[in-house]
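> Just the structure for this:
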Amino acid sequence: MVIKLTRDERQFLCRYDIPLEGVLDARGQCRQEYQLVMKENGARVAITDSRCAAEGHRMRSRHGKCIQCDPSSIAFSKRYRDTGYVYLALSLSPKILIKIGSSKKKNLDLRAEELNSHKCGGRTNWKIVNAVLCLEAGRVENEIQAALKDYQVVLDYGSKSGASRELFKCHLLVAVDVFDEITGVNKAK
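Okay, the predicted model is just below:
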């Protein structure tokens with residue numbers, strides 16, 4: 001059955017480059033049902049019966065959030081599944097700090113410059129010491145971060161609002177072992 005979309009919904013999908021194949025007709029399904037189907041089918045958007053309280057939108061992310069009110073989840077969802085570089089960055093001063101991240105940039109020196117200019121974790125001496133091209137780079141990044149969660153530290157950016165949750169205080173060899181193990185299985189061919 002074809003989903004009947006409003007003009008606003010069509011424009012939104014077009015603006016965020018979401019093909020109709022990435023839209024699930026979840027009308028008549030509860031959130032748990034459509035979340036499972038979205039995950040299995042790789043759908044990025046669900047059209048639901050329920051409408052958001054703020055504007056009455058019916059387009060939802062896999063987590064049940066209104067994507068029209070908060071489109072940031074679209075970018076996260078796209079990064080999660082896109083091919084990109086998963087990297088391990090290192091700052092040695094004043095004490096060792098490791099960052100696990102992902103980037104679509106081929107020139108990772110530019111990414112290191114961004115980390116330094118944003119003062120990630122209050123540091124300006126980041127170097128990317130390892131990077132691997134991976135399918136679903138965001139997923140691989142999250143998997144590495146989850147494996148290192150016992151070492152996680154949350155520190156503010158020095159130059160912009162918000163905190164980085166991708167930082168870890170552990171021995172470099174611990175981080176490298178986890179990084180190599182997880183990226184080795186997930187390398188793009």
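
> Give me the contact list for stretch 122-135.
83-93, 97, 99, 102, 108-109, 111-112, 115-117, 120, 140, 155-156, 158, 176, 179-180, 183, 186-188 (C-beta atoms under 8 Å, 6 or more residues apart in numbering). C-beta here means a position set from N, CA and C on the backbone, and glycine is covered the same way.

> Let's verify residue 33: helix, strand, or coil?
helix (DSSP: H, G, I helix; E, B strand; the rest coil).

> Surely it and residue 24 touch.
No - taking C-beta atoms under 8 Å as the definition, residue 33 is not a contact partner of residue 24, at 10.3 Å.

> what about those two, which has more around it?
Between residue 33 and residue 24, counted using other C-beta atoms under 10 Å, the more crowded position is residue 24 (22 against 12).

> rewinding a little: just the buried ones out of the contacts of stretch 122-135, please.
84-91, 97, 99, 102, 108, 111-112, 115-116, 120, 140, 155, 179, 183, 186 (16 or more other C-beta atoms under 10 Å).

> from those residues, which ones fall inside strands?
Judged by DSSP state E, the buried ones among the contacts of stretch 122-135 include 84, 85, 86, 87, 88, 89, 90, 91, 97, 99, 102, 155 as members of strands.
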